[in-house]
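1. 3D model of this:
(chains A and B)
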Amino acid sequence: MQTKNKLPQPDTPSPSGPALKLGILTNLPLNPEFLKKPVPFSRKVGIALVAAPARNATIATDRETKEKILRPKANIHLVAFGAIRLFARPDGPDDRMTVKAIDVDVPLLLYSNSDHPLTHDDVARALTRVQREVAPLLADENDARHIVPGLAKRSEARASWRYIMSTVTYMHTPLHECYNIAHPGTGAAEGTTPKRTQLGRKGDDLIITFESPKMPLRDQQDRTIENIPRIKITVSLKGHGMVCRYRNSGRTAKIGKSRRLTRFASSTPADVHKTIMSELEGVHIASAARSATDRAITPGKAIAFLSQITSLSVEDLSSTYMEIDTTKRKKRNRVNNAIPNELERINPVPLAARLTPVSQALGSAKQPSCPVHDADSRIAAIYA
Amino acid sequence: MSPHNKLMPVDRTGITTTAHILPEFLFDPEGYAIRHGLPLRGIHPLKVPDKVFGRHRNAFRFYPTTFRGIEVTVIPVDLSTGWCDLLIKFNPGATLYGHNGRVPSESEFCDALSFLAEAMCPFLVDPGDWRCIVPGLRPDSPASWNFIEILFHCHDRDGLILDHFRNAAHPSIRRPARHWTTSILLPGCELQFSIYQKTVEMAARGKLSKDELQNFADILRIEVRLKGKKLLHYLGNSGNTSLIDGTERVVRFRGPDLIRAFRDLLGETQGVFHLSEANMISGKQIASLGQFIAKVSRMPGVRQNFHELLDSLCAHFRASGNTRRRIRKEGLAWLAARSFLTPAALLSDAAMACQPLVVADQIESLVRNPVPGNDILDAVRQVFSSPQLELHPHVQLHNYFRYANEEQAPAA
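-> Predicted coordinates:
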């Protein structure tokens, strides 16, 4: 069902923060009872296991004994598929199944929607839920302080942040109107498609993804709102790049051989996202509505437009065109006269200026879908 | 006969078939592999969509060899009898050498296929059913080729050949090309072109060290992936196809078939190879626009290729599809008129026969495959090897009599 209601255009910055996906690195041996019978064990301790973990295995040959060794690994999903994911594999001298990484999709966990914007205390509430769901699965209850980074003492820290992904949807800025997108930290885009552009490659510390969202916007009654062009931008930070960006408002600790991020303020992802947007290169040129005759691509219009999206000047482009179309002087003058009019109409806006908090989508302000827990006081002290 | 007959320039392939898999293995793949000391590398459960019933079926994927090159997806149909659908991804180069930087010869391809059949025997209810694994070995076999990637290597020292492919288009591919610094992809469902610097790709995947990278730095790879109707169109003929489940499918091919198909496909590309200017029209504004955009795309400092500039212009001014097509046609004709590449030069017999190879000694020295049985090898060679060269008496009889008198076999 479609309505003609339009989303309000706020004059002041929206209070909503970006949707967040968080990755935790840790080292938590699992309870063997859970591994033997995951579903009954989960029911007994009251955790929301989505399904019994699929048996995934690599078979290798032991170099000394030359015997075949089974190396199982498991992805354990809690609450909902993708909401909390634990990756476990054998580790340690006795090859116990150990949780090595935890991925949390915060809006999916709280609102059943990966793109839902967050409030300032949603991170703390989500981490509290992670703590409560994962703790009963551990072999040693004292390891619970190593689930959420920052809870343990700095000298004993085992958990740290592996990656932080923040996603914001910007209104009235479709992807096909953005040109020459680049960032000093990543270089120009590669491998673009009409619906997706990525800056940075797999494995880089900073990756920025621009996508045209597939699903239309919905209002509070879950009805489709008229299709407003928008762009979804995800900033993914990990490793040293993440530590540098978050260091000032967070805390780091030396775990193993590297310095890792162990705490951050809940407002920092939004600030970092905003800073990275302000560093973007490229322009936005709106394809304004024109009449049927006005839509014809004339040489003057083409020269004006290409001068804005390439590194070539109007003069270079004009002389290039005249080499091809060696027509009469009257036509040349017509071409040259059309260029300034078109340049005025085009009005390119730097992308960094276009992608501001004002232009963010509000989204539908839904109530959390999971039972609302107050954030744990220790977690709230760190992340709220 | 041309020397390139002996090449089988194939990269990744896919085989679909059905077979009886041991129920013991289906119920406990890891336990079975360890009990029997099988060289499995991994077992991963997954779900595959069921197009008939609209839901997902339980399946699992396993790698039956210690080294890469063979991946088998098993979709059980009847667990009690072990009747399963199999999707096999087979890379002959990776099977033999641990990497796909070489261009396999016919005999190497036959060895790799025989090895695939041999590797599957321990999982079959009847080990003699290996003829159901490799397509084309039996008239009533359920096996067929699902997709085939044909490859071609050439030297591209200055990057000019890769640069020429930046404006490539093919009539059967509607999606826009994707560009990276060292690679181009023309993505399609049943037809897909990949052009990339092979050594850069192998180094990124850890198959080549930095020292080895410099030895083969200028090798450009052009790959064409054929699937479905396109596979049938370019490789199917009365000798290569069989009717399986009511559908015509490709079950066998030889080196010359692949080379002919590759030349046909490359010859159909637009904006790459030289064409005379006779196809270009002059005097019309739209023609001038097409030529202008093409010329701008070739100017130094312009990052966008011709198609990207055209798409941006047409999207901004909301031009009609007809206008876009006319401008595109003129632009591609202008680019073709100024190309130095010709199919005859790039894809000559000599170029096909003498394709440069990437050799990765470190990996190749680790790969150890057991020798397949003679019966498997003979059956595979009978189908996939080119026939022996014909005897030409006026040049060869003299040698024949000479060697016959000395009790030695004559050279073909």
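2. list the residues that contact the nearest residue in space to residue A:349 that is not next to it in sequence.
-> Nearest non-adjacent residue to residue A:349, counting by Cβ to Cβ, 6 or more residues apart in numbering or on different chains: residue A:284, 4.8 Å away. All C-beta atoms are positioned from the backbone trio N, CA, C, and that covers glycine. Contact analysis of residue A:284 by Cβ atoms under 8 Å, 6 or more residues apart in numbering or on different chains lists A:173, A:177, A:178, A:179, A:348, A:349, A:350, A:351, A:354.
3. do the same with residue A:313
-> Counting by Cβ under 8 Å, 6+ apart, the residues that residue A:313 touches are residue A:307.
4. ok, it to chain B distance?
-> For residue A:313, the distance to chain B (Cβ to the nearest Cβ, to the nearest Å) stands at 11 Å.
5. what about residue 232, which SS state?
-> Chain wasn't specified; assuming chain A. Assigned by DSSP: H, G, I helix; E, B strand; the rest coil, the conformation of residue A:232 is strand.
6. my question was about chain B, not that one.
-> Relying on three-state DSSP, one would call residue B:232 helix.
7. I'd assumed residue B:249 was in contact with it.
-> Yes. Using Cβ atoms under 8 Å, residue B:232 is in contact with residue B:249, at 7.3 Å.
8. shared neighbours of the two, anything?
-> Listed contacts common to residue B:232 and residue B:249 are residue B:241; contacts here mean Cβ under 8 Å, 6+ apart.
9. quick revisit: which phi and psi does the residue nearest to residue A:349 have?
-> The phi/psi pair for residue A:284 (degrees, to the nearest 10) reads phi -110, psi 130.
10. so which elements touch the helix or strand where residue A:87 lies?
-> Element membership of residue A:87 [criterion: DSSP states H and E] is strand A:84-91. With contacts taken as 3 or more Cβ pairs under 8 Å, 6 or more residues apart in numbering or on different chains; DSSP states H and E, strand A:84-91 sits against strand A:68-78, strand A:96-105, helix A:122-134.
11. where do the helices of the stretch 101-250 of chain B begin and end?
-> Under the criterion DSSP state H, counting those that start in this stretch, the stretch 101-250 of chain B contains helices at B:106-120, B:160-164, B:198-204, B:210-215, B:228-235.
12. nearest to chain A, out of these?
-> helix B:198-204 (9.0 Å; Cβ to the nearest Cβ).
13. elements contacting the closest one?
-> helix B:210-215, strand B:219-227.
14. which outside residues touch the shortest one?
-> The set of residues that contact helix B:210-215 without belonging to it, under Cβ under 8 Å, 6+ apart, is B:199, B:200, B:202, B:203, B:359, B:360, B:361, B:362.
15. thinking again about what came up before, to chain B, which of the helices and strands packed on strand A:84-91 lies closest?
-> strand A:68-78 (4.9 Å).
16. what number of residues lie near residue 345?
-> Using chain A here. When neighbours are counted by other Cβ atoms under 10 Å in any protein chain shown, residue A:345 registers 14.
17. my bad, chain B
-> Per other Cβ under 10 Å, the neighbour tally for residue B:345 reads 12.
18. got the residues of the stretch 251-384 of chain A near chain B?
-> A:285, A:287, A:290, A:295-299, A:301-302, A:305-306, A:309-312, A:316-317, A:320-321, A:324-325 (Cβ under 8 Å from any Cβ of the partner chain).
19. narrow these to just the buried residues.
-> For those, a burial check counting by 16 or more other Cβ atoms under 10 Å in any protein chain shown picks out A:285, A:295, A:297-299, A:301-302, A:305-306, A:309-310, A:312, A:316-317, A:320-321, A:324-325.
20. for residue B:252, which non-adjacent residue is closest in space?
-> Using Cβ to Cβ, 6+ apart and skipping residues adjacent in sequence, the residue nearest residue B:252 is residue B:136, 3.5 Å away.
21. what residues are up against that neighbour?
-> Listed by Cβ under 8 Å, 6+ apart, the contact partners of residue B:136 are B:143, B:242, B:251, B:252, B:383, B:384.
22. could you point out where chain A is predicted with low confidence?
-> A:1-15, A:55, A:60-61, A:66-68, A:215-223, A:225-226, A:288-295, A:327, A:357-373 (pLDDT under 70).
23. now do the contacts for the residue nearest the centre of it.
-> Centroid-nearest residue in chain A: residue A:234, 3.3 Å away (criterion: Cα atoms, centre = their mean). By Cβ under 8 Å, 6+ apart, residue A:234 lies in contact with A:165, A:166, A:167, A:208, A:209, A:211.
24. correct me if wrong: the second one contacts residue A:270.
-> Yes. Checked against Cβ under 8 Å, the pair residue A:166 and residue A:270 is within contact range at 7.1 Å.
25. find residues that contact each of these two.
-> residue A:18.
26. what residues does the stretch 51-200 of chain B put near chain A?
-> Checking the stretch 51-200 of chain B against chain A by Cβ under 8 Å from any Cβ, the hits are B:66, B:175, B:176, B:178, B:179, B:180, B:181, B:185.
27. where is pLDDT lowest across the residues you listed?
-> When those are compared by pLDDT, residue B:66 scores lowest at 77.
28. in a strand, that residue, correct?
-> No. Going by three-state DSSP, the assignment for residue B:66 is coil, not a strand.
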